[in-house]
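Q: After the sequence you'll find the predicted model.
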Amino acid sequence: MKKQSKNKIEYGDFQTPLILTDKICNKLIELNVCPDIIIEPTCGVGNFLKSSSHLFKDSKEIIGIEINKNYVNQFDNNFLGNTNTVRIINHDFFEIDLSKLITNKNDNILIMGNFPWVTNSELGRIQGLNLPKKNNFQKNNGLEAITGKSNFDISEWMLIKSVDFLQNHQGYLAMLCKTSVARKIISYLSKQKYNFSYCSTYGIDTKRYFNANVEACLLFCQFVPGREKHSFNIFDNLDTSKYTTIAYFDNRLIRDGETFEKLSYLYTNKPKIKWRSGVKHDCSKIMELEKIGNIFINGLGEEVKIENDYIYPLVKGSNVANSNIKKNTYVLITQKSIGEDTNQIKELAPKTWNYLQSHSSYLDKRASRIYKKNPQFSIFGIGEYSFYPWKIAICGLYKKLDFKLFHLIQNKPVMFDDTVYFISFKEENEATKMLDILNSPKIIDFYSSLIFWDEKRPIKSSILNCLNWHKI
């Protein structure tokens with residue numbers, strides 16, 4: 001990767017165009033935002049500063065913080081305007097103490113701008129260093145912290161630092177960010193019971209302004225000491241006056257508060273039946289096989305001669321969603337429970353063991369730490385429930401609630417990939433009864449009220465597990 005491209009990703013160097021910064025400042029003026037001090041924590045070339053200096057004529061000071069010295073050296077106060085005092089600070093936002101920038105605690109403060117839209121895992125991939133000091137600020141534990149929930153957007157950390165600061169002041173936050181990050185900040189504000197009088201998001205056309213296909217918005221919050229609010233307005237764009245209201249309930253955001261209120265009796269945080277995710281193996285070239293005639297072929301194009309003992313039919317998420325079941329796709333299931341000793345494969349299925357051993361270089365390179373302290377050739381997302389004959393499944397990646405029923409294929413229980421969630425049954429009549437319930441209008445409405453459809457994986461096990469079967 002070229003150094004210039006790497007730096008652009010690492011520092012979120014995607015400059016907000018002046019046409020958008022003007023539009024955002026005008027929206028803030030429409031919302032009666034009257035800041036004494038404006039801070040842009042990662043100001044880049046300074047378009048937010050330019051718009052602010054021309055449009056917020058009564059502000060006393062505008063402060064831009066920028067880590068890139070080249071940008072700092074390019075600033076010209078005359079170009080920014082003569083009505084405001086503009087101060088540019090060459091500093092790393094991760095290290096700066098915002099409170100030291102404020103001399104009068106009674107000033108109205110506006111923090112605005114556009115933090116980097118990059119995750120810590122993406123920075124790890126390019127060996128980037130533009131990160132906060134490592135700590136589990138999301139308070140994840142155990143497997144969650146290891147398998148991906150510990151992955152976070154850098155802007156999330158930066159926004160949390162900003163709202164923590166504003167909690168002790170009177171002022172505003174107006175920040176461009178991914179829509180998913182905005183919702184995390186709204187959840188954070190609610191969970192912390194912070195003082196704010198208003199919160200809203202406004203959809204942004206990222207294709208137009210950034211040539212990017214990302215769900216993003218302007219997150220706007222007003223902080224007033226002693227005031228607390230737990231509902232939020234969602235606008236499709238900066239021009240519309242129409243909005244929907246989301247709610248906060250049981251430490252989660254509710255997309256459709258009105259519908260949820262009517263169906264809240266169906267909600268539980270202690271589910272009787274638990275939805276599970278499909279098999280996680282992180283090595284499809286070796287673990288997934290295609291059957292052509294009577295021959296198994298792996299992802300390397302090799303013919304695989306192994307016993308049938310550990311081979312199971314595989315149904316992928318796209319096949320679940322489209323009801324297009326391929327009966328020639330299989331997966332190697334090396335364990336029946338997490339942590340089970342895999343050495344027994346050597347005695348029970350020597351050809352399978354030899355195949356795994358001969359391809360151990362692929363399997364041993366699996367990056368996730370969950371494989372490091374478990375038996376060789378381990379998989380995850382496996383348990384007794386995986387081997388029941390009847391399963392109801394849904395793919396988490398699709399924007400539709402459509403539950404499907406699956407039975408044995410060639411007398412073996414089907415396995416799903418890890419984009420799928422499922423519940424298992426021993427008896428057909430119980431499974432078909434549950435399927436009818438899940439696809440009923442009432443249950444679809446209940447789940448829909450909880451789901452934010454613009455997310456990359458809108459349907460999650462944490463949502464599916466909210467259904468109280470006792471109340472049906």
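A: On my side now, so go ahead.
Q: contacting residues around the spatially closest residue to Lys27 that is not a sequence neighbour?
A: Using C-beta to C-beta, 6 or more residues apart in numbering and skipping residues adjacent in sequence, the residue nearest Lys27 is Leu238, 5.1 Å away. The way it works is simple: take the backbone N, C-alpha and C, and place the C-beta from them, glycine included. By C-beta atoms under 8 Å, 6 or more residues apart in numbering, the residues touching Leu238 are Lys23, Ile24, Lys27, Tyr202, Gly203, Ile204, Leu218.
Q: Recalculate using a threshold of 7 Å.
A: Lys23, Lys27, Tyr202, Leu218 (C-beta atoms under 7 Å, 6 or more residues apart in numbering).
Q: again, but for Phe115
A: Phe115 neighbours (C-beta under 7 Å, 6+ apart): Gly12, Thr42, Ile154, Ser155, Met158, Leu159, Met175, Cys177.
Q: could the residues you listed be laid out in TSV, adding pLDDT and neighbour count?
A: Below are the contacts of Phe115 laid out as TSV (pLDDT from 0 to 100; neighbours: other C-beta atoms under 10 Å):
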residue	pLDDT	neighbour count
Gly12	44	18
Thr42	91	21
Ile154	86	25
Ser155	90	26
Met158	92	21
Leu159	94	24
Met175	97	27
Cys177	95	27
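Q: Out of those, the closest to Ser358 would be?
A: Closest approach between those and Ser358, by C-beta to C-beta: Ile154, at 41.1 Å.
Q: still on that earlier bit, can you put the contacts of Phe115 in a markdown table and add secondary structure?
A: Shown next, in a markdown table, are these (DSSP: H, G, I helix; E, B strand; the rest coil):
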| residue | secondary structure |
| --- | --- |
| Gly12 | coil |
| Thr42 | coil |
| Ile154 | helix |
| Ser155 | helix |
| Met158 | helix |
| Leu159 | helix |
| Met175 | strand |
| Cys177 | strand |
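Q: Tally up the residues packed near the spatially closest residue to Leu464 that is not a sequence neighbour, please.
A: Leaving aside its sequence neighbours, Leu464 sits nearest to Trp275 (C-beta to C-beta, 6+ apart; 4.2 Å). Counted with other C-beta atoms under 10 Å, residues neighbouring Trp275 total 23.
Q: Torsion angles phi and psi at Glu258?
A: The phi/psi pair for Glu258 (degrees, to the nearest 10) reads phi -70, psi -50.
Q: quick one: Val224 and Ser197 touch, right?
A: Yes: at 4.4 Å, Val224 and Ser197 qualify as touching, with contact defined as C-beta atoms under 7 Å.
Q: So which residues of the stretch 301-450 of the chain form strands?
A: Applying DSSP state E, counting those that start in this stretch to the stretch 301-450 of the chain gives strands spanning 303-304, 311-315, 329-332, 390-395, 404-406, 415-416, 420-425.
Q: right, so those: which one is the most enclosed?
A: Ranked by mean neighbour count under mean count of other C-beta atoms under 10 Å, those are led by strand 415-416, which reaches a mean of 26.
Q: residues making contact with it?
A: With C-beta under 7 Å, 6+ apart as the criterion, strand 415-416 contacts Gly278, Val279, Tyr312, Pro313, Leu314, Val315, Val320, Val331, Ile333, Ser386, Ala393, Phe422.
Q: what distance separates it from the centre of its chain?
A: Between the centre of strand 415-416 and the centre of its chain there are 23 Å (C-alpha atoms, centre = their mean, to the nearest Å).
Q: Against Leu289, how distant is Val414?
A: According to C-beta to C-beta, to the nearest Å, Val414 stands 15 Å off from Leu289.
Q: ugh, wrong one, I meant Ile311
A: Distance check for Ile311 against Leu289: by C-beta to C-beta, it reads 7 Å.
Q: same thing with Lys351?
A: Distance, Lys351 to Leu289, using C-beta to C-beta: 13 Å.
Q: Same question for Gln410.
A: Gln410 sits 14 Å away from Leu289, going by C-beta to C-beta.
Q: Look at these two and report which has more neighbours.
A: Leu289 (22 against 11).
Q: Was I right to think the more buried one contacts Glu303?
A: No: Leu289 lies out of contact with Glu303 (C-beta under 7 Å); the separation is 10.1 Å.
Q: what is in contact with these two at once?
A: Ile297.
Q: The residue nearest to Leu464: what's it in contact with?
A: The contact partners of Trp275, taken as C-beta under 7 Å, 6+ apart, are Tyr421, Phe422, Ile423, Ser461, Leu464, Asn465.
Q: Tell me which two of the residues you listed sit farthest apart.
A: The most widely separated members of those, counting by C-beta to C-beta, are Phe422 and Asn465 (12.2 Å).
Q: Now tell me what touches stretch 171-182 from outside.
A: Residues from elsewhere that reach stretch 171-182 (C-beta under 7 Å, 6+ apart): 16, 24, 28, 33, 35, 108-115, 117, 153, 155-156, 159, 162-163, 166, 201, 204, 214-223, 454-455.
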